[in-house]
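J.: A predicted structure for the sequence below; I have some questions about it.
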Amino acid sequence: MKFSYREYVSIFPGTNDYRLILRPVITIRVVGPNADARWDALVDSGDRLKIHYGDVKLHIESGREVIAWKTTVGFVDFGSASDEVIILGHGGCLDFFTATFDGEKAELELKPNALLPS
């Protein structure tokens, strides 16, 4: 599954300059016991923020390809709604994929590996 990086305009850290930033953000579907929803999520191999845990089913879609698995995910409390973001890190997501972050092509490729629960 290949995903193009998304474009964001943001203040560059340490400056007052606005710059175009490309980020590996993908749309996922989160299925819980009472409801499901689609969310944009940042794929970040450095993810360490996990506070509240819950069991859900995650779906990643690219074109006609759909990969779904049950996992435990962490939910983080943010001080401001504008700071909120879903982060897909190693715990519950990247452990199950070989991930290639191609900065030159501004593209993320996710290939399921043998650890992906069926």
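T.: Nice, I can see it.
J.: using the three-state scheme, assign the residue in the chain sticking out farthest from the centre.
T.: Ranked by distance from the centre of the chain (Cα atoms, centre = their mean), the top residue is Asn16, with 27.9 Å. Using DSSP: H, G, I helix; E, B strand; the rest coil, the structure places Asn16 in coil.
J.: what helices or strands is the helix or strand of the chain with the lowest mean pLDDT leaning on?
T.: Of all helical and strand segments in the chain, the minimum by mean pLDDT, DSSP states H and E falls on strand 86-88, at a mean of 80. Applying 3 or more Cβ pairs under 8 Å, 6 or more residues apart in numbering; DSSP states H and E, we find strand 86-88 packed against strand 25-31, strand 36-43. Just so you know, the C-beta spots here come from the backbone N, C-alpha and C atoms, and that holds for glycine as well.
J.: list the buried ones in the last one?
T.: Meaning strand 36-43. The neighbour-count check on strand 36-43 (16 or more other Cβ atoms under 10 Å) flags Ala41, Val43 as buried.
J.: tell me how many other residues crowd Thr98.
T.: Neighbours of Thr98 under the rule other Cβ atoms under 10 Å: 10.
J.: then Gly89?
T.: Counted with other Cβ under 10 Å, the neighbours of Gly89 add up to 20.
J.: I'd guessed it sits against Asp44; true?
T.: Yes - counting by Cβ atoms under 8 Å, Gly89 sits close enough to Asp44 to count as a contact (5.6 Å).
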